[in-house]
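Student: got a predicted structure here, sequence first:
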Amino acid sequence: MSAGKYTDIEREWYSVVGAALSLTMCLNVISPHAAPLITGAVVMPLKRMLQAKSAATQHTLNQLYRGPEFELHVRYPVILNTCVTTLVYCGGLPVLIPFAFVFCAICYALDKALHFSV
């Protein structure tokens with residue numbers, strides 16, 4: 001362990017590792033939310049619009065108006081990864097704290113909107 005180029009947080013560490021970690025966390029704020037957002041805001045309404053008139057039974061209509069499946073096994077590791085990475089590196093990179101806050105706020109708002117919308 002500790003066989004890397006940097007033994008401590010030095011000036012060069014910030015320009016190499018810190019910049020890469022900050023960029024990754026910045027992208028992590030947006031990228032995990034793309035698939036649920038597209039599914040809930042684009043795919044499901046289009047599916048309803050195209051298939052609603054051809055539904056033969058009430059059960060089929062009910063299935064069309066159900067929200068997207070909440071995939072806890074996919075969402076939870078992403079949230080945990082963001083929180084742990086932020087807690088580990090926030091001492092040296094305090095900019096990660098606002099990234100984590102925005103990530104959690106978007107995650108909460110999106111999950112709430114997709115869960116309670118029809």
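Tutor: Received it, and whenever you're ready, just let me know what you need.
Student: what residues does the helix or strand of the chain with the lowest mean pLDDT touch?
Tutor: Lowest on mean pLDDT, DSSP states H and E among the helices and strands of the chain sits helix 11-13, with a mean of 85. Helix 11-13 is contacted from outside by 6, 92, using C-beta atoms under 8 Å, 6 or more residues apart in numbering. Placement of C-beta: from N, CA and C, glycine included.
Student: distance from that helix to the middle of the chain?
Tutor: How far helix 11-13 lies from its chain's middle: 29 Å, per C-alpha atoms, centre = their mean, to the nearest Å.
Student: next SSE downstream of that helix?
Tutor: Remark: after helix 11-13, the chain's next helix or strand is helix 19-30, criterion DSSP states H and E.
Student: and the next element down the chain from that following helix?
Tutor: Taking DSSP H and E, what comes next after helix 19-30 is helix 34-38.
Student: with just CA atoms, put that following helix into PDB.
Tutor: The C-alpha trace of helix 34-38 is given here as PDB (Å, rounded to 0.1, in the frame of the first residue of the first chain):
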ATOM      1  CA  ALA A  34     -29.600  10.900 -16.800                       C
ATOM      2  CA  ALA A  35     -31.200   7.500 -17.200                       C
ATOM      3  CA  PRO A  36     -34.000   7.900 -14.600                       C
ATOM      4  CA  LEU A  37     -34.700  11.400 -15.900                       C
ATOM      5  CA  ILE A  38     -34.900  10.300 -19.500                       C
END
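Student: list the buried residues in it.
Tutor: residue 36 (16 or more other C-beta atoms under 10 Å).
Student: which secondary structure elements does it contact?
Tutor: For helix 34-38, the packing partners by 3 or more C-beta pairs under 8 Å, 6 or more residues apart in numbering; DSSP states H and E come out as helix 96-116.
Student: so for the helix it packs on, mean pLDDT?
Tutor: The pLDDT scores in helix 96-116 average 92.
Student: ok, and what's touching that helix?
Tutor: Contacts for helix 96-116 (C-beta under 8 Å, 6+ apart): 21-22, 25-26, 28-29, 32-33, 36-37, 40, 67-68, 70, 75, 79, 82-83, 85-86, 89-90.
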